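Trainee: Mind looking at a prediction? Sequence and model below.
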Amino acid sequence: MNLPRLLLFFICSNVCLFSTSQSVDSLKTVMKSNSSYSQKIKAYLTFEEKYGLQNFDEMLRIGNEGVELARNNGDFISVAEFQRFIGQAYYFKGQFEIAAKNYYSSINLLEKTGEKRKLALAYNELAKLYRKTRDLSRSLETYDKALVIFKYLNDRAGIAMIMNESGVVFEYAEQYAKAIERYSASLQINKVLKDSIGIAYALSNIAGVYTIQKKYDIAEEYLLQVLQIRKILKDSFALALTYSDISTTYAAMNSFSIAKNFIDTSNQIADRMNYPELKQNNYALLADMAKKTGDYQIALNYYQKSTAIRDSLFTLSKTKQIEELNTQYETVKKEQKIKEQQDHITQQNILIIGAALLSILIILLAYTQYRRTKWKQEAKMQLAILKQQELATKAVLEAEENERIRIAKDLHDGIGQMMSVAKMNLSTMEEELNLDAGKKIKMERIISLVDESCKELRSVSHNLMPNALLKAGLAAAVREFIEKIDSQSLQIDLHSEGLQERMDADTETVLYRIIQECVNNVIKHSAATRLDISLINDEDGISVTVEDNGKGFNSSALEKFEGIGLKNMKTRSEYLKGTIEINSTPDKGTLVAIHIPAVNKLINL
């Protein structure tokens, strides 16, 4: 037990309570001003939410003003919220029957709206009232209603609050393991949310159970944490509860003088707040401590004070009134259910009439269906035409590629071989003929020209059908193509991504031809010094961009520049169900962007 540390906390605790007058004053200024309704009602609700628990009489006054303002403006959701706050004030003042009346009114209004979170908050307050009157089964049932809503809304702060509040029900039922389970669940959620207020309440409730179980060291540790948090928050209401909880723990440890100091501070705050139930609990604890120390007269005095307050709070008539209010609420719910059933019967009658009208409409729909069928047939015909056009385009492209392959083979296997033989024969003749120096130079020039022709022939053959495209795929073929371009006059950068696996052969061939056409256009027309090519394949499809820094043109008048090359590029991209966009500005280069959708995604070979 760390008594000096707790005493230090107690001494510092007198530097207490809220320094919020400026905020309160600013809210009250808005309430009394000529501000808009939305600004004024927000100020009233903010006051009740943040500062109401500092003074319950003030909470009632502001709450009643808020109800009148909201009703005058037809804002029944705000009326329900104020009724919940008013119920809270009466609850802490010990006027439970009036609190219950306001809670029921709030719930009745909110059940007719879609304000689920506000309804859950009202259920929570009503459950707390049932808990106070020890109607534990009804309390837990009402807490469960609130919990269902908060889970539906995925409101973790609300879930944490209900777990903490409903844990008290199990504590009252002496089911301490379940109580700590709920308190601990609340604590974990609030730690994730970094909610200091929620953390403090969960820790305080856990400490209370440990005090009951005589685990005083653990209880003290938790209460120290609670005291630190609530001092930082400067929450006078919560501090009053904490001082009372600490005094209970020290009284159980027979540290009566320390316990009495904390009780006196708790009572001072309770007096300012007009919180009679807290004072009743504190007087009962003082009476018990005096009895243990043999001060029976003092014990009697405190016991009489505690009893007087308790009798004013809990009377048979008040309990009966709360029960009557619950009966009225349940009766209203049953009447609503009967009305819903009657409405259901009415709806069935309407459906019968509607069915009769529907039979009349069927005749009209038959004609409409006939027109729709005719339209579908026309659409099918149009689709068939488009399909034929697509097949025709495919046939043209395939024929073009086949012709390229045939020409490439003829050039390579026919003319290429003949040119190689011619070069070889010329070389042989040069060695056999005894040529003078001048003629020998001419012969060597002829052989060199034949050799250059062979190389050019191979280059043309490879461009018509590159081996890299057949063997290694699109990226490799494009890289081989651009490596043959003079890098001194045009610097080319190629970036490829997601092309580790081979694509469908048609897709690779068509894309290669489009890129080849783009690069040839840049070389012929753009006077560019730099060219960037990007090939990316992802889950959305294949994206190709070709961007140069050349002289560009006005792409808004693209039709003026469309030649066979551009038309071929468009035809090929449309064949792959893709799109091509050309964006260019004079002196700022040109960007060609091609996108082929995922229907043409990679395939495993």
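Mentor: Thanks, I have it. Numbers count the residues shown, from 1 in each chain.
Trainee: Kindly state the pLDDT recorded for the spatially most central residue of the chain?
Mentor: Residue closest to the mean C-alpha point of the chain, counted by Cα atoms, centre = their mean, is Asn154 at 11.3 Å. With respect to pLDDT, Asn154 scores 95.
Trainee: Same question for it, what's its three-state structure.
Mentor: Following DSSP: H, G, I helix; E, B strand; the rest coil, we place Asn154 in the coil state.
Trainee: ok, which stretches of the stretch 351-500 of the chain are helices?
Mentor: For the stretch 351-500 of the chain, the helices defined by DSSP state H, counting those that start in this stretch cover 416-432, 437-464, 467-471, 474-483.
Trainee: ranking those by mean pLDDT, which is last?
Mentor: When these are compared by mean pLDDT, helix 467-471 comes last with a mean of 63.
Trainee: With adjacent residues omitted, what lies nearest to Val478?
Mentor: Of all residues not flanking Val478 in the chain, Ile515 sits nearest, at 5.7 Å (Cβ to Cβ, 6 or more residues apart in numbering). For the C-beta atoms, the positions are set from N, CA and C on the backbone; glycine is no exception.
Trainee: The one you found looks like it's in a strand, true?
Mentor: No. Judged by three-state DSSP, Ile515 forms no part of a strand; its state is helix.
Trainee: was I right about it contacting Val546?
Mentor: Yes. Ile515 is in contact with Val546 according to Cβ atoms under 8 Å; the separation is 6.6 Å.
Trainee: Mind listing the shared neighbours of these two?
Mentor: Contact criterion Cβ atoms under 8 Å, 6 or more residues apart in numbering; residues shared by Ile515 and Val546: Ile533.
Trainee: Please list all residues in contact with Asn568.
Mentor: Residues counted as contacts of Asn568 (Cβ under 8 Å, 6+ apart) are 513, 517.
Trainee: any idea how far it is from Val519?
Mentor: Between Asn568 and Val519 the distance is 14 Å, computed by Cβ to Cβ, to the nearest Å.
Trainee: Please apply the same query to Gly52.
Mentor: From Gly52 over to Val519 the distance is 75 Å, taken as Cβ to Cβ.
Trainee: Please apply the same query to Tyr90.
Mentor: 83 Å.
Trainee: Likewise for Gly66?
Mentor: With Cβ to Cβ as the criterion, Gly66 and Val519 are 74 Å apart.
Trainee: Compare these two (neighbour count), which wins?
Mentor: Shown here are Gly66 and Val519; by other Cβ atoms under 10 Å, Gly66 has more neighbours (26 against 20).
Trainee: got the contact list for that one?
Mentor: Gly66 touches 41, 44-45, 48, 78, 82, 85, counting by Cβ under 8 Å, 6+ apart.
Trainee: Give me the three-state assignment for it.
Mentor: Judged by three-state DSSP, the three-state class of Gly66 is helix.
Trainee: three-state assignment of the closest residue to Leu53 other than its chain neighbours?
Mentor: Spatial nearest neighbour of Leu53, chain neighbours left out: Phe237 (4.2 Å); criterion: Cβ to Cβ, 6+ apart. Here Phe237 takes the helix state, with states given by three-state DSSP.
Trainee: I'd like the distance between Phe237 and Asp195.
Mentor: From Phe237 across to Asp195, the span is 17 Å (Cβ to Cβ).
Trainee: neighbour-wise, which of those two wins?
Mentor: Using other Cβ under 10 Å as the criterion, Phe237 and Asp195 rank with Phe237 on top: 21 against 18.
Trainee: Now for the residue lying closest to Asn190 once chain neighbours are set aside: which residues touch it?
Mentor: Distance criterion Cβ to Cβ, 6+ apart; nearest residue to Asn190, sequence neighbours excluded, is Gly198 at 3.5 Å. By Cβ under 8 Å, 6+ apart, the contact set of Gly198 is 157, 160-161, 164, 186, 189-190.
Trainee: Looking at those residues, spot the one nearest Lys374.
Mentor: Nearest to Lys374 out of those is Ala157 (Cβ to Cβ; 60.2 Å).
Trainee: quick one: Leu140 from Gln188, how far?
Mentor: Note on Leu140: its distance to Gln188, by Cβ to Cβ, is 21 Å.
Trainee: out of these two, which sits in the busier spot?
Mentor: Set Leu140 next to Gln188 and count neighbours by other Cβ under 10 Å: Leu140 wins out with 17 against 14.
Trainee: Can you get me a residue count around the residue nearest to Val478?
Mentor: Around Ile515 there are 23 other residues, counting by other Cβ under 10 Å.
Trainee: same check, this time on Ala238
Mentor: Other residues near Ala238 number 21, with proximity taken as other Cβ under 10 Å.
Trainee: Great, nothing more from me.
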